[in-house]
Each structure stands twice: as C-alpha cells, then as structure tokens.
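Trainee: coords below, sequence missing:
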C-alpha cells in the first residue's frame, strides 16, 4: 500500500513497473488493474491551457490512507498504489494513478474503480483551470460519463 | 483499436506507453483504464512451474476484433489495446493486457472490465499447466474472485 | 462438398486428431460423428462454424470450417 | 482555547483568508462566523475537523484544526 503526492510530472507506466519491481509481489499476483486520469486540453468545451491543483496536504494524506485501508478490508488486495499530482499541471500530464494488485481479477478491477470514484468525490484536491479567458476554479467533478 | 497475439513475452506498461505515443490520442483523453493478467506460480493450490497457451488463431483474431467493435459501440472509447500471449509462458509473465482510453472515466473503466470478462469467457484460448505432477489442461476459468 | 474440421486443446489430445476433412454432412453434429467415428461428445463441448460460435444443429455448407473445442481458459 | 482555521481553493480566494486562529467557539459553525465575520456560507460548503469530514454543528475542542472548503475536484 503506497501513496505519493507529487509536485512533479510522473510517468504512470514507469511508476507501476517500478512499484511492482520493488514490492514483494513476485509471482503471487494474477491481476493488476489501473486507472490513470490525464489532463485534457479542453473541459466543458472551453480551451484549457493549464491547471493548478491545490490540496489540503495533511487531510489528503490521511484520507487516501483511509481509502486504501478500506479497499484492503473490502477486497483481497495484495497491494495498491495511488499517485496524485499537485501544483502546476500541463495538458497531457497524468494527474492521478491508481493501481491494484490481487490474485484474481475481480478484486483488482473493483477496488481500482471504487478507489478512483471515492477519491474523485471526497479527496481534498481542487482544480483551477487557465485558458484564453483567464482562470477559474472547477466547480465540481463530472459524474464520470 | 489494436489487437496483438504474441508468442513472445511482453512488458504491458511499455506496450501501453508505446501505443499511447504512437496513436493520435494526444491531449484528447482524460482516462486510461487497464487490466493485466499475469501467470501466478500457483493455481488451485498446486504448484505450477510453466504453462502452454494454445489458441485458434483465425477465430481468436476475429473474436477479439468483434469485442473491440462492440465495446466501441457501447462506450465512448477513444482507443483500445488488447495483447494476449500464446505459446510457452513462465511464472510472472503477463498473459493478457487490456487498455482503454476515453474522455471520461466511466467509459474506460467499464469497457476494460467488460472486455476482460468477455475475453475470459469466450475467446478461444486454452491453458495447459505444467508442474511437479506433470501437465494438465485447465478445465475452466475461475469466476474472477 | 468439402468441410474443414479442427480440434483444439484437451479435445485434440484426447481424440488424437487436430484436423480432418469430411465430405458430406448437413449439420455440425454430422461433422462430429463422421470425423470422430461417432465418439461420445464430451460435456461442455463447444463448436464454431466459420470462426463464429454455433450450435450443433446448425446447417453447414460446402467450404465451411468447423471447429470443436473444450471450454476456453484464456486471459 | 485556540482553534486553527484553514480555508482552501475558491473559498480561500473569495474571502481572502487562508488561515486564522479563533479563541472561543463551541461548534464549527461558530468558527466560521467568527473567522469570516458572519459571512454568508456558500452553497455546498464543506467542513473538516482534525482532517476528517464533519458537520457544522459538531462540537470542537481546544487545539482542533477546522478547515472550510468548496466541493473537491481532484482525480
């Protein structure tokens, strides 16, 4: 179980590979599910050229740790990894990575989908978008569709 | 939309990164969901030291292409990638990779989970496991739990 | 009339045939009976006609490819 | 009694305060009223006490950290 809040751009695929290599998962897991949220260059049909992500550091850390613990209690997870960007973010930058490892597929898939949903709804992060028309705070997250 | 049947070991994370780089997805996608199925070194409590994956090449290709088309009709996918190993497979080798790209998270997550489920139930692949006690064909897939 | 027949995996090993050609048959079931000399059909036997899942009573035509195989275990 | 107060994101910018300390308050609502000089609470305002989501009528204690913020938009 691992959580990183990063002020720097990260490559989600390298991070998954690195985490897997450095963990004690060898040969025990049969399933890895992951989700990556990436900054698009448009949102609600307005051009967005950049973004600043603010957070509440102590609460973010605590909340994400609680989420991982809840996921571990609910599903047979062997490991999980959550990485979230903060600070200045450019289009095409990954914002969030969730990865879950389990013996069988349902635990990893269901836990991964649950974690991103909970994170989106409750983790104390806030996006401010910048574009041609100045900057504005994103009022609320989409429902995912 | 892309399907690869591979007789050689592959690194799923490098494949996702490569596919993303070579596609025309730039800055348009906000969500990537992936599933990787990996060979464990045990199954049904018996030691498994290796595996041979047989398939029905023409039907596999056709079936997976149909699956991708169905997923594309059902969800707003921007792209998808399916890689499946055949031949001799060693413990810790990835067997299958599914990756889906979409603007919003639900399409990628739901399509990815649906694709691995359909593939497991219907794609014409067959596993023969080898271990201390000789070799045997896997009779049926687990239900995922 | 010429029908291409294929057997896969444990079924292929059990009956000892990977491919066959049969000359006259009207359904997939006929093809099985001719190609295997009326061997008993295993439980859960699956059949595909021209690369699509099919039923044993489905009609077949000249040039079709019929495949028999056990439950799939990929992924 | 000393209560640490924090404001985040659009709320922080709107009221122009990022942190405050208030001396006497019994609920999170009191803290809001004291720290913002009875500013109207925005719709959907959220509150956390000691890093956990809380309600505006929840009691607070000496040394608590109270945070006010708008709906979250991470991920």
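Mentor: Right, received. Where do you want to start? None of the values given here were measured: they were computed from a predicted structure. Numbers count the residues shown, from 1 in each chain, chains lettered A, B, ... in the order given.

Trainee: From here on, just use CA atoms for contacts and neighbour counts.
Mentor: Will do.

Trainee: all strands in chain C, in order from the N-terminus.
Mentor: Applying DSSP state E to chain C gives strands spanning C:3-7, C:19-22, C:46-49, C:52-53, C:65-69.

Trainee: Adjacent strands (with direction) for the fourth one?
Mentor: What it means is strand C:52-53. Sheet pairing for strand C:52-53, assigned by DSSP bridges, gives strand C:46-49 (antiparallel).

Trainee: what about residue A:101, neighbour count?
Mentor: By other CA atoms under 10 Å in any protein chain shown, 28 other residues sit near residue A:101.

Trainee: Which secondary structure state does it sit in?
Mentor: Secondary structure, DSSP: H, G, I helix; E, B strand; the rest coil: residue A:101 is strand.

Trainee: Now look at stretch A:47-64 and say if it contacts chain B.
Mentor: No. Figure legend: stretch A:47-64 not in contact with chain B (CA under 8 Å from any CA of the partner chain); closest approach 10.6 Å.

Trainee: Please determine how far residue A:18 is located from residue D:14.
Mentor: 42 Å (CA to CA, to the nearest Å).

Trainee: picking up where we left off before, single out the most deeply packed of the strands of chain C.
Mentor: Of all the strands of chain C, strand C:65-69 carries the top mean neighbour count, a mean of 23, counting by mean count of other CA atoms under 10 Å in any protein chain shown.

Trainee: can you tell which of the strands of chain C is closest to residue D:24?
Mentor: Counting by CA to CA, residue D:24 lies closest to strand C:52-53 out of those; the figure is 74.1 Å.

Trainee: what residues are up against residue A:130?
Mentor: By CA atoms under 8 Å, 6 or more residues apart in numbering or on different chains, the contact set of residue A:130 is A:48-51, A:136.

Trainee: Which among those count as buried?
Mentor: Neighbour counting over the contacts of residue A:130 (16 or more other CA atoms under 10 Å in any protein chain shown) leaves A:48-51 as the buried ones.

Trainee: Let's have these in a markdown table, adding pLDDT and secondary structure.
Mentor: Output for those, formatted as a markdown table (pLDDT from 0 to 100; DSSP: H, G, I helix; E, B strand; the rest coil):
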| residue | pLDDT | secondary structure |
| --- | --- | --- |
| A:48 | 78 | coil |
| A:49 | 84 | coil |
| A:50 | 91 | strand |
| A:51 | 94 | strand |
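
Trainee: Assign a three-state SS to the nearest residue to residue A:40 once chain neighbours are set aside, would you?
Mentor: With CA to CA, 6 or more residues apart in numbering or on different chains as the criterion, residue A:40 has its nearest non-adjacent residue at 4.9 Å, and that residue is residue B:27. Using three-state DSSP, the structure places residue B:27 in coil.

Trainee: list the contacts for residue B:27?
Mentor: Taking CA under 8 Å, 6+ apart, one finds A:39-41, A:91-92 in contact with residue B:27.

Trainee: Return the residues in contact with the closest residue to chain A within chain C.
Mentor: For chain C, the residue closest to chain A is residue C:75, as judged by CA to the nearest CA, at 10.0 Å. The neighbourhood of residue C:75, defined by CA under 8 Å, 6+ apart, consists of B:37, B:84, B:95-96, B:116, B:119-120, B:125.

Trainee: In TSV, list these along with secondary structure and distance to chain D.
Mentor: Output for the contacts of residue C:75, formatted as TSV (DSSP: H, G, I helix; E, B strand; the rest coil; distance: CA to the nearest CA, whole Å):
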residue	secondary structure	distance to chain D
B:37	strand	25
B:84	strand	30
B:95	strand	29
B:96	strand	27
B:116	helix	24
B:119	helix	29
B:120	helix	30
B:125	strand	36
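
Trainee: Near residue 30, how many residues? Count them for me, please.
Mentor: Since you didn't name a chain, this refers to chain A. Neighbour tally, residue A:30, other CA under 10 Å: 25.

Trainee: oops, I was thinking of chain C
Mentor: Residue C:30: 18 neighbours (other CA under 10 Å).

Trainee: Could you find the residue nearest the spatial middle of chain A?
Mentor: By CA atoms, centre = their mean, chain A has its centre lying nearest to residue A:96, at 2.8 Å.

Trainee: Can you give me the pLDDT of the spatially closest residue to it that is not a sequence neighbour?
Mentor: Leaving out its chain neighbours, the residue that sits closest to residue A:96 by CA to CA, 6+ apart is residue A:84, at 4.4 Å. Listed pLDDT for residue A:84 reads 98.

Trainee: Up against chain B, what does chain A have?
Mentor: So far as CA under 8 Å from any CA goes, chain A lies against chain B at A:13-14, A:16-17, A:26-42, A:91-92, A:103-107, A:109, A:113, A:144-145.

Trainee: typo on my end, chain C
Mentor: C:8-10, C:51-52, C:71-75.

Trainee: okay, the contacts of residue A:130 in JSON lines with distance to residue C:65 next?
Mentor: Shown next, in JSON lines, are the contacts of residue A:130 (distance: CA to CA, whole Å):
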{"residue": "A:48", "distance to residue C:65": "54"}
{"residue": "A:49", "distance to residue C:65": "55"}
{"residue": "A:50", "distance to residue C:65": "56"}
{"residue": "A:51", "distance to residue C:65": "56"}
{"residue": "A:136", "distance to residue C:65": "61"}
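
Trainee: And those, which two are furthest apart?
Mentor: Going by CA to CA, the pair spanning these furthest: A:49 and A:136, at 11.9 Å.
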